[in-house]
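Undergrad: sequence and predicted model, in that order:
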Amino acid sequence: MTAILDGETKKIEIKQRFTYKNNSGSTLNVLYFNDWNHAYSSNTTPLAKRFGEDFNRSLHLANRREFGHTHIKSVVNSKYEGLDWERTAAQDIIRIKLAEPLPPDAAIEIFFTYDIQLPDSKFTGYGYDGDQYYYLKDWYLTPAVFDGDWQLYSNKGLDDLYTDVTNTRINFIFPRELFLSSNFANQNVARFPQGQSAILEAPSRKNCDIVLTPEKEFTKHVTPHLTVTSNIEAKKYDVPSQGISIEKIARFMRKNLGDYPHDNLKVSTMEYNKNPLYGLNQLPSFIRPYEEQFQFEMMFLKTALNKYLRETLFMNPRKERWVYDAIAYYLMIKFVEENYPDQKLIGKLANVWGVRSFHLAEMGFNEQYYFLQMLSARSNIDQALTTPNDSLIVFNQKIANRYKAGLGLAYLANYVGKERIDSTIIDFYKVHRLKPKTKTSDFKQALKFCTDDDIDWFFNEYVSTRDKIDYKIKKVSKTEDSITLTLKNKRGTRVPISLFGLQNDSVISQYWFTGIDTTRTFTIPRNGEDRLVLNYDKKIPEFNQRDNWKTLNGFFSGNKKLQFRFFKDTEDPYYNQVFYVPIANFNVYDGITPGLRIYNKTFLERPFVYDFAPTYSFLERTLVGRASFRYRKYHGKSGLYVSNYFIGGSTSHFQENSRFTTITPAISFGWRPNDLRSNKRQSLLIRHRNVFRSIDEGVLTDDSIDLDLENNPDYNVFNVRYQNRTNDIVNYRSSLLDFQHSSQFTKLALELEYRRLFTSNRQLNLRFYAGKFIRNKTDSDFFSFALDRPTDYLFDLGYLGRSEDSGIYSQQIIIAEGGFKSRFEDQFGSDWIATTNASFNVWRWVELYGDLGFIADRGENARFHYDSGVRLNLVTDYFELYFPVYSNIGWEIARRDYGERIRFIVTLDIKTLTGLFTRKWF
């Protein structure tokens with residue numbers, strides 16, 4: 001291949017001669033080639049669609065000049081006959097129709113002439129960055145794999161190109177002022193007046209990666225074990241020490257894998273940034289808790305291991321990535337055990353006063369793998385290791401499934417013996433290194449060959465399913481010389497479980513038990529144990545470790561101690577943990593209300609959670625706050641996947657010396673599709689809201705009649721809400737059906753919402769709301785529909801001053817019911833309502849809005865209302881400003897009191913705000 005890079009246009013002209021030998025047993029009439037550069041050609045490709053699913057708008061809103069594409073000029077055979085070709089529906093795969101069938105063991109030459117326009121690197125990191133930095137990966141045409149079927153995969157930004165192995169030679173011509181680094185061997189680099197040329201050559205490789213930089217960034221490290229080219233560095237870790245660490249890692253990889261068969265291993269910062277060490281090391285450098293040597297070695301080891309394996313083991317990375325992950329993370333765990341056995345998860349912070357008392361400070365570095373994998377499992381978003389790479393949610397694709405794979409291999413090693421697993425990895429690598437079309441079955445066969453124990457459970461249960469591991473000691477009896485215990489398999493996942501016998505916290509015995517379907521009784525010798533603990537060394541990624549132990553010294557000595565901790569902590573299975581943290585809330589009537597929150601929720605989700613948050617109102621000089629109990633039950637991956645059972649209460653003030661108290665029992669259900677990457681969710685909430693109000697007669701005025709306090713201070717409402725929502729950044733759709741019944745009224749309401757983000761960066765927002773009273777016995781407007789600022793008799797809305805009709809707090813708006821922004825004197829309707837709200841942006845976050853609709857009282861004709869204005873949509877649903885312009889009232893912008901007509905949306909709920917940043921992960 002000859003490739004000429006034009007530094008001005010960011011284009012590469014390519015002439016490619018390809019010899020295709022049919023190594024299959026089938027006669028081929030067509031060939032497929034990967035053209036992953038063309039995935040950047042529009043905002044309708046699979047890559048762009050995935051970006052939208054991950055709430056990434058960069059490709060959807062990109063300018064045409066930032067796109068990348070491939071322009072194919074000709075495809076001919078050795079007879080110079082033009083071959084018919086076409087793009088598949090995915091756009092980044094090319095189908096070539098051969099002039100003659102290609103029988104087994106025959107070969108054909110194909111000549112390609114094409115240009116590629118490189119994409120802006122802001123999308124995936126690949127392409128060009130500014131004028132002088134290039135990172136080329138998966139940039140030229142490569143053959144798709146045929147193994148009886150064509151394995152065709154689109155570029156989805158996951159670095160998992162599955163291509164056949166080739167012997168490649170590239171004459172690469174590039175601008176004179178740049179420095180080149182590649183995973184291929186560099187030969188015959190020559191400079192000439194118009195630029196430079198380099199011969200890049202490699203046998204048995206999948207693809208050529210090229211990095212071009214204006215300054216020389218990569219350093220070659222020649223070790224006795226392999227040659228490494230890298231630009232990974234640590235500012236506070238000197239260069240000679242970095243070289244010593246690289247030699248140490250190279251020796252470790254060669255010892256635990258075998259010889260690297262290529263001339264050079266390229267380890268780049270870009271590759272590390274694609275798959276970093278998630279956790280505390282991502283904090284700013286001045287507060288990172290790890291020693292520079294440890295941090296550098298872990299960065300380099302992780303990146304080098306992944307590159308080492310992917311450059312030499314030719315498996316299907318889209319479907320069989322877990323094998324790479326299992327080996328890489330198993331070796332990372334081993335590296336820390338051998339070189340840093342005392343390294344803590346939070347590093348030097350574990351010795352800081354106020355932090356060292358936390359259970360988090362006691363956790364070793366390798367315990368992060370269990371913790372983060374369990375974060376996914378406890379939230380019921382975990383996926384089987386065999387799930388295709390492009391079907392994983394972001395958190396599992398980047399973190400949880402990688403960790404689960406490494407933990408699984410460590411679990412297996414603990415069961416059959418580490419030496420056996422270590423030698424099996426070396427043998428597997430030696431046999432399958434550079435061997436095309438290696439399969440998971442090859443890895444399975446190698447593992448099964450290393451032991452006489454039955455390890456089918458590892459593949460059938462641990463790898464192929466998302467079933468949880470959870471055992472408990474159900475009961476124990478003892479004699480002078482033996483202990484009889486019954487183990488219960490709480491989840492039915494048939495995998496081995498370890499049992500440890502402890503005496504004064506020292507291990508004096510260990511056993512493995514298998515074949516436990518539901519419960520099974522075992523008898524072991526008694527050797528002075530005072531406690532039995534399942535999975536004491538935590539080598540098994542068990543779902544719940546809180547019920548893993550039994551004392552042999554009587555019931556009362558076995559009770560867990562109560563442990564109070566300031567702030568949230570990680571789960572300690574040997575204590576009943578209670579957490580406390582100071583809090584402060586605010587509303588107009590209570591002012592700032594400081595208090596203490598007491599709860600039992602750890603960083604990992606747990607089924608039963610209680611939460612008490614008493615606070616003190618300095619304005620009212622009394623206690624306010626909230627309390628709740630919740631039990632969450634997960635049912636499965638899809639369909640009806642979760643149920644929540646809840647009872648809670650709160651108390652606060654809605655006017656001066658006027659208190660409201662709510663008590664609400666509720667049950668909710670959630671549904672989701674089998675594809676966890678889908679943003680579609682459905683929910684059903686059934687609750688009974690009980691409201692108790694008291695009012696100071698001194699503040700009761702004629703205006704208070706709307707609150708219906710004199711006649712009906714207390715009430716209760718039975719409420720059913722069904723919501724169907726697809727939370728997509730390009731197309732957002734939501735429908736809500738709300739039914740309410742009380743002794744005074746029965747009403748039904750429907751809310752529909754739609755948002756569309758266009759490629760011009762214009763966003764259309766549409767909302768429709770309709771409601772009807774089926775019966776209404778009330779004499780006030782307290783329960784009526786409202787065009788603007790509903791009375792919120794269910795106390796669902798976060799009003800800062802819910803009873804205010806003047807002042808800044810009265811200008812707060814929450815889009816509910818009618819959703820109007822202008823304020824009307826006749827805004828309530830005791831019969832029905834139907835409104836539409838719309839907005840459309842004209843420049844970035846500046847939008848024009850308009851509302852119109854009808855509202856009616858019982859026995860009266862409907863009233864038509866409309867308004868319009870300017871919306872500053874700074875953060876949708878979280879911080880917005882509304883400036884009314886024209887409505888039924890007239891030109892509001894010309895009124896003297898216009899400042900009082902400006903409305904705002906503000907959200908102070910921390911959980912709601914953090915959802916903006918976590919949604920792309922989950």
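TA: Sure thing, it's come through. Residues are numbered from 1 along each chain as shown.

Undergrad: sec struct for residue 336, please.
TA: Under DSSP: H, G, I helix; E, B strand; the rest coil, residue 336 falls in the helix class.

Undergrad: I'd say it and residue 345 touch.
TA: No - here residue 336 lies out of contact with residue 345, judged by Cβ atoms under 8 Å, at a distance of 10.8 Å. Every C-beta, even on glycine, is put in place using the N, C-alpha and C of the backbone.

Undergrad: pLDDT-wise, which helix or strand of this structure ranks last?
TA: Lowest mean confidence among the helices and strands of the chain (mean pLDDT, DSSP states H and E): helix 910-918, at a mean of 65.

Undergrad: distance check, residue 755 against residue 220.
TA: Distance, residue 755 to residue 220, by Cβ to Cβ, to the nearest Å: 52 Å.

Undergrad: now residue 644
TA: Separation of residue 644 from residue 220 (Cβ to Cβ) stands at 58 Å.

Undergrad: neighbour-wise, which of these two wins?
TA: Ranked by neighbour count (other Cβ atoms under 10 Å), residue 644 and residue 220 place residue 644 first, with 15 against 10.

Undergrad: where does this structure dip in pLDDT?
TA: Within the chain, the stretches with pLDDT under 70 are 280-286, 554-559, 696-712, 877, 908-917.

Undergrad: do a quick rundown of the helices in it.
TA: Per DSSP state H, the chain carries helices over the ranges 46-53, 239-256, 269-274, 292-310, 321-339, 359-362, 367-378, 394-395, 401-416, 418-432, 440-449, 456-457, 910-918.

Undergrad: so what angle separates the directions of the fourth one and helix 401-416?
TA: This points to helix 292-310. 90 degrees (axes from the mean of the first three to the mean of the last three Cα atoms, to 10 degrees).

Undergrad: list the helices and strands helix 292-310 packs on?
TA: In terms of contacts (3 or more Cβ pairs under 8 Å, 6 or more residues apart in numbering; DSSP states H and E), helix 292-310 is packed against helix 239-256, strand 265-267, helix 269-274, helix 321-339.

Undergrad: please identify the deepest-packed of the ones you listed.
TA: strand 265-267 (a mean of 23; mean count of other Cβ atoms under 10 Å).

Undergrad: partners of it in the sheet?
TA: Sheet pairing for strand 265-267, assigned by DSSP bridges, gives strand 227-230 (parallel).

Undergrad: using CSV, write down the CA coordinates of the strand it pairs with.
TA: Extracted C-alpha coordinates of strand 227-230, given in CSV (Å, rounded to 0.1, in the frame of the first residue of the first chain):
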residue,chain,number,x,y,z
THR,A,227,11.2,-3.5,22.9
VAL,A,228,8.7,-0.9,24.0
THR,A,229,7.9,2.4,22.4
SER,A,230,5.8,4.6,24.7
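
Undergrad: how near is the closest residue to residue 271 other than its chain neighbours to residue 315?
TA: In space, and not counting its chain neighbours, residue 271 is closest to residue 303: 5.2 Å by Cβ to Cβ, 6 or more residues apart in numbering. Residue 303 sits 19 Å away from residue 315, going by Cβ to Cβ.

Undergrad: tell me which of these two has more neighbours.
TA: More neighbours surround residue 303 than the other of residue 303 and residue 315, with 26 against 23 (other Cβ under 10 Å).

Undergrad: for that one, what are its contacts?
TA: By Cβ atoms under 8 Å, 6 or more residues apart in numbering, the residues touching residue 303 are 232, 267, 268, 271, 272, 275.

Undergrad: repeat that for residue 364.
TA: Residue 364 neighbours (Cβ under 8 Å, 6+ apart): 342, 343, 344, 345.

Undergrad: now those in a markdown table, with distance to residue 899?
TA: As requested, the contacts of residue 364 are exported to a markdown table (distance: Cβ to Cβ, whole Å):
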| residue | distance to residue 899 |
| --- | --- |
| 342 | 63 |
| 343 | 59 |
| 344 | 56 |
| 345 | 53 |
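
Undergrad: CSV for those residues, including neighbour count?
TA: Formatted as CSV, those follow (neighbours: other Cβ atoms under 10 Å):
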residue, neighbour count
342, 7
343, 17
344, 20
345, 20
